[in-house]
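Student: quick one, structure for this:
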Amino acid sequence: MDLLSIFGLLLGLSAVVLGQYLEGGHLAMLVNGPALLIVVGGTLGATMVQSPLPVFTRALRMSSWVFRPPVLPLDAAMKELIHWCRVARRDGLLGLEGIVESVRNPYARKSLQLLIDGNEPMVIRETLQVDSAVREQRDLLAAKVFDSMGGYAPTLGILGAVIGLIHVMNNLSDPSLLGQGIGVAFVATVYGVGLANLVFLPVGTKLRTLVRQETRLEEIIAIGITAIADGENPRVVESRLQGLLK
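Tutor: Below is the predicted model of the structure:
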């Protein structure tokens, strides 16, 4: 559980609500169903139009990473690679066969299997690089979905405000309703700007950071596996991988 993300979201929302209260307002002024429908529904609709279905569904699945990020144990991966290097140096590549099934990370399992199958180091390296690049590109496209939401939301907020002002103009004959009507109209703008800057844009940035961290883990695995295939000394491999962790 990422407590920093939870605390940050609560802090942001609390700051908006408290600021509204200190200005003499009350929470009910920020609650408006039609405005929320226009902003959230319009933003989702526009995002669905621009996004292929696999990208959109991937983005929804990845959204949980904000509060439950994937475990990326860089230190543990390095130690595991050093262990594999020592086993391969002592027992040969076939000595790694009993280890494959116990490896949880799919990328690491595939890289180890490529090594055991006796592929050339260059073939292993190129195969792993392609897999990592494809996975990174797919996840970065999914993360950009939230950046798009952050762009659409404020615009939909303005649209909601304009729609609200149209209703206000229809009530010009009753001046007592103008102030309240204008206030309600601009709630849509608050929703649009608030969701963009407190939710959508931060989520997109957080997901891109996690995607690049996973790429870094895969790079460490690829370098370690290639070094084992080259028959390098475990101490040399360990020194090289430690440099990547700094």
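
Student: pLDDT score for the residue nearest in space to the middle of the chain?
Tutor: Nearest residue to the geometric centre of the chain (C-alpha atoms, centre = their mean): residue 207, 1.6 Å. Looking at residue 207, its pLDDT reads 94.

Student: surely it and residue 142 touch.
Tutor: Yes. Judged on C-beta atoms under 8 Å, residue 207 makes contact with residue 142 at a distance of 7.3 Å. (C-beta placed from N, C-alpha, C; glycine too.)

Student: joint contacts of the two?
Tutor: Contact with both residue 207 and residue 142 is made by residues residue 62, according to C-beta atoms under 8 Å, 6 or more residues apart in numbering.

Student: which element is residue 111 on?
Tutor: helix 106-116 (DSSP states H and E).

Student: can you give me how far that helix is from the chain middle?
Tutor: 26 Å (C-alpha atoms, centre = their mean, to the nearest Å).

Student: ditto for stretch 102-109
Tutor: Once both centres are worked out by C-alpha atoms, centre = their mean, stretch 102-109 turns out to sit 22 Å from its chain's centre.

Student: what about dumping the CA coordinates of it to PDB?
Tutor: C-alpha atoms of stretch 102-109 as PDB (Å, rounded to 0.1, in the frame of the first residue of the first chain):
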ATOM      1  CA  SER A 102      10.500 -21.200  -8.800                       C
ATOM      2  CA  VAL A 103      11.100 -17.800 -10.500                       C
ATOM      3  CA  ARG A 104       8.000 -15.600 -10.100                       C
ATOM      4  CA  ASN A 105       8.800 -12.700 -12.400                       C
ATOM      5  CA  PRO A 106       7.800 -13.700 -16.000                       C
ATOM      6  CA  TYR A 107      10.500 -11.600 -17.600                       C
ATOM      7  CA  ALA A 108      13.200 -13.200 -15.300                       C
ATOM      8  CA  ARG A 109      11.800 -16.700 -16.000                       C
END
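
Student: many thanks, we can stop here.
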